[in-house]
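Visitor: When you get a sec, could you give me coordinates for this:
(4 chains)
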There are 2 protein chains.
Amino acid sequence: MKEDTYLPYPQTAEISLCDVLAALGDELRLAIVGQLAVEPLGLVCGEFNCLTSKTNLTYHVAKLREAGVVHVQPEGTRRRLFLRVDDLQSRFPGLLDSIVKEAAAARQAAVEAGG
Amino acid sequence: MKEDTYLPYPQTAEISLCDVLAALGDELRLAIVGQLAVEPLGLVCGEFNCLTSKTNLTYHVAKLREAGVVHVQPEGTRRRLFLRVDDLQSRFPGLLDSIVKEAAAARQAAVEAGG
DNA sequence: CTCATTGTCCAAAATTTTTTGAACTAATGA
DNA sequence: TCATTAGTTCAAAAAATTTTGGACAATGAG
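Guide: Down below sits the predicted model:
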């Protein structure tokens, strides 16, 4: 596992709205973003509550990273993900907020329904 | 062409964030929404500046309608589309605003670049 | 060093989405 | 009535996305 010169992600100005929307238009990835939003210290791949294989998670994380939604920081053998909150807010003001708010509401509703 | 009992679309409360994001995560559909946003009287399919076949447009319009992004009103042999601005604003406050703002900025930039 | 843990990479398989074309319906206008 | 316009439907083809599995690399613990 190389420690750098990889995990490319777009600079703030290059983030494409369409790519971001496409990246978030998937249940698994939207759930990841929902979890990340309440974790200012980021999360490591293994910490996501998602029922999928490591291989597949790698794939979805790459989608989020390539779209500019998350930043991935190698940490030993792990990968810590951070939501690019400030970058997204400056690029598309209000967008992430509204999405995260709804994601939180949805999770709350799920808990109340006894999930 | 039947005049009613078709063109089903989700009620406001049923609109899924993920479906909306997936619907907008496509260049053609995002462009349609961008155009609709500045047309309070809606637009008829033929009025979109999109280089695609009628058949394909039917397909993409259905995606937007099924996701709850647009309302489609039969008007004789035409179909007039309206952005569901209020429904989306009440369901996901701020979301559409931020998207439309960016879509407008992108079109402006395209014009200035001499498109 | 050796093992277990984390996650990557690659290629194939499975699935979904998008595009196409031909045939068709409904409304409109001459 | 007949032709034109606007859009739909269906099925097939094409393309893109997602999922899987096997082999692998790097780190950290013992």
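Visitor: alpha carbons only for contacts and neighbour counts from here, please
Guide: Will do.
Visitor: In space, what's closest to the most centrally placed residue in chain A - neighbours in sequence excluded?
Guide: In chain A, the residue lying closest to the centroid (CA atoms, centre = their mean) is A:V33, at 3.9 Å. Distances taken as CA to CA, 6 or more residues apart in numbering or on different chains place A:L83 nearest to A:V33, at 7.0 Å, with adjacent residues excluded.
Visitor: Please apply the same query to A:P10.
Guide: Closest residue in space to A:P10, ignoring its immediate chain neighbours: A:G68 at 5.5 Å, by CA to CA, 6+ apart.
Visitor: residue contacts, the one you found?
Guide: Neighbour list for A:G68: A:9-12, A:15, A:20, A:84 [criterion: CA atoms under 8 Å, 6 or more residues apart in numbering or on different chains].
Visitor: out of these, which are inside helices?
Guide: Taking DSSP state H as the definition of helices, these contribute A:V20.
Visitor: Regarding chain A, what is its longest helix?
Guide: The longest helix of chain A (DSSP H) is helix A:95-112.
Visitor: So what's the residue count around A:T58?
Guide: Residues contacting A:T58 under the criterion other CA atoms under 10 Å in any protein chain shown number 12.
Visitor: any idea of the mean pLDDT for the helix or strand where it lies?
Guide: For A:T58, the enclosing helix or strand under DSSP states H and E is helix A:54-67. Rounded to a whole number, the mean pLDDT of helix A:54-67 is 98.
Visitor: That helix vs DNA strand C: in contact?
Guide: Yes. Helix A:54-67 comes into contact with DNA strand C (CA under 7 Å from any atom of the strand), by way of A:54-55, A:57-58.
Visitor: Can you check these and name whichever has the most neighbours?
Guide: A:L57 (18 neighbours).
Visitor: Which residue is the nearest non-sequential neighbour of that one?
Guide: Using CA to CA, 6+ apart and skipping the chain neighbours, the partner closest in space to A:L57 is A:C45 (7.6 Å).
Visitor: who's in contact with the one you found?
Guide: Taking CA under 8 Å, 6+ apart, we find A:C45 in contact with A:57, A:78-81.
Visitor: Which of the residues you listed sits closest to chain B?
Guide: The nearest member of the contacts of A:C45 to chain B, counting by CA to the nearest CA, is A:L57 at 18.2 Å.
Visitor: Distance-wise, check the closest one relative to A:V33.
Guide: As judged by CA to CA, to the nearest Å, A:L57 and A:V33 stand 13 Å apart.
Visitor: if we can go back for a sec, grab the two from the contacts of A:G68 that are most spread out in space.
Guide: Across those, the longest distance by CA to CA is 13.1 Å; it joins A:Q11 and A:V20.
Visitor: which of the two has more neighbours?
Guide: For A:Q11 versus A:V20, neighbours defined as other CA under 10 Å are more numerous around A:V20 (23 against 9).
Visitor: contacting residues around the closest residue in space to the more buried one that isn't next to it in sequence?
Guide: Distance criterion CA to CA, 6+ apart; nearest residue to A:V20, sequence neighbours excluded, is A:A67 at 5.3 Å. Contact analysis of A:A67 by CA under 8 Å, 6+ apart lists A:9-10, A:15-16, A:19-20, A:23.
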